[in-house]
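Asks: please work out how this folds:
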Amino acid sequence: MTQPGEGHGIREEAAEWHVRIDSDAMDWDGFAAWLDADPAHRAAYDAIALLDAEIVAARDAIRAAQPANDGANDGADAAADAAAPPRTRRARWWAGGGLAVAAGLAVVVVVPQLRLPSPAAPLVYRTGPGETRAIGLRDGSRIVVDRNSELALRDGASPEVEMRSGSAYFDIRHDPGRAMVIRAGDYEVRDIGTRFDVVRAPGHLAVAVAEGQVTIAEPGREGLTLAGGQRVDIAGPGGQATIRRQDAADVASWRDGRLVYDNAPLALVAVDLSRYAGRAVSVDPAVAGLRVSGVLTIGDGSRLVGQIEALLPVKATVEDHRIRLVGTL
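Replies: Have a look, this model is predicted:
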């Protein structure tokens, strides 16, 4: 495929950028430059992204409404769709030999009774134990969702995110007129352009800022402002907020397969371990205050607890498929 912009119309370029949005090789700087080059580019991309969401959400209904064919390739197509990962399925839906959106539009026109979901409905993104996912927003901002995580996104004039569980990294373009709101349990994180990580676990919220500023508050209450190189950990609604320094380069280090800690309490480290180990990890109160400094390699998550045992005077016990860290002294 040629680079978007080489001999294509604006709509075709927008579609090609959208197909590539989940690719690990996505050219984010090129995408941002393309959006900024002409207001028509942004409008075309917004239209493509919205249509994609609507078509994917209503794909089964659209296919059911299509006229039956000779059935020669039905089995192969179904098998290919079932085997393909979500990214591949979307790419085929959009670009299976051309701009497949045109076919989707034709179906919607000839089947007027089909009701597509409201554009205001949030899109839910879930990841499993061995996958992360990159999400591109209409303004060129980016979200990377960590393993075993879930969030809901409403990408409107002011994007809204519900952080349901796990962790996500946010790389938000600066635009004072377009503030993002992230809701995580009883708290709201507000941003107008920065890079930061949000972790939500039962009874715990952590926000670490690599660049810029964010505010964290309970709705209707005065919150706190966090700047680059800072991290806050909050335990429960109305809980104590603990602010610590964190090297900006280590924010969301999980993207590189590492967990970096600098004098972090073991109780907080256990929150991360639970996300990767595939089972809940708790800490005996007697050792909850032990401090962790160093770099852990995530791998498939199975060896993280062993790395903690090598660093600290603790051992792991298994209780009802849960891991509990207790002291060895």
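Asks: that's a helix at Leu205, yeah?
Replies: No - using DSSP: H, G, I helix; E, B strand; the rest coil, the assignment for Leu205 is strand, not a helix.
Asks: who touches the longest strand seen in the chain?
Replies: Ranked by residue count and defined by DSSP state E, the top strand of the chain is strand 160-171. Contact with strand 160-171 is made by 122, 127, 141-154, 180-184, 191, 194-201, 251-252, 254-255, 275, as judged by CB atoms under 8 Å, 6 or more residues apart in numbering. Every C-beta, even on glycine, is put in place using the N, C-alpha and C of the backbone.
Asks: how about stretch 320-327?
Replies: 266, 270, 273, 277, 279-284, 286-287, 305, 308, 313-318.
Asks: buried ones in that stretch, by neighbour count?
Replies: Within stretch 320-327, the residues that count as buried by 16 or more other CB atoms under 10 Å are Ile323, Arg324, Leu325.
Asks: now, those that are in strands?
Replies: Ile323, Arg324, Leu325.
Asks: where's Tyr261, which helix or strand?
Replies: In the assignment (DSSP states H and E), Tyr261 maps to strand 258-265.
Asks: strands paired with that strand, and their directions?
Replies: strand 291-297 (antiparallel) (DSSP bridges).
Asks: list the buried residues of the partner strand.
Replies: Quick answer for strand 291-297 (16+ other CB under 10 Å): Val292, Leu296.
Asks: and the average pLDDT for it is what?
Replies: For strand 291-297, mean pLDDT rounds to 94.
Asks: next: stretch 131-149.
Replies: Average pLDDT, stretch 131-149: 93.
Asks: show the end-to-end separation of it, please.
Replies: Stretch 131-149 has an end-to-end distance of 10 Å (criterion: CA to CA, to the nearest Å).
Asks: so which of the contacts of strand 160-171 sit within strands?
Replies: 142-145, 150-154, 180-184, 191, 195-201.
Asks: just the buried residues from these, in PyMOL please.
Replies: To isolate the buried ones among those in PyMOL, judged by 16+ other CB under 10 Å, type:
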select buried, resi 142+143+144+145+150+151+152+153+180+182+183+184+191+195+196+197+198+199+200+201
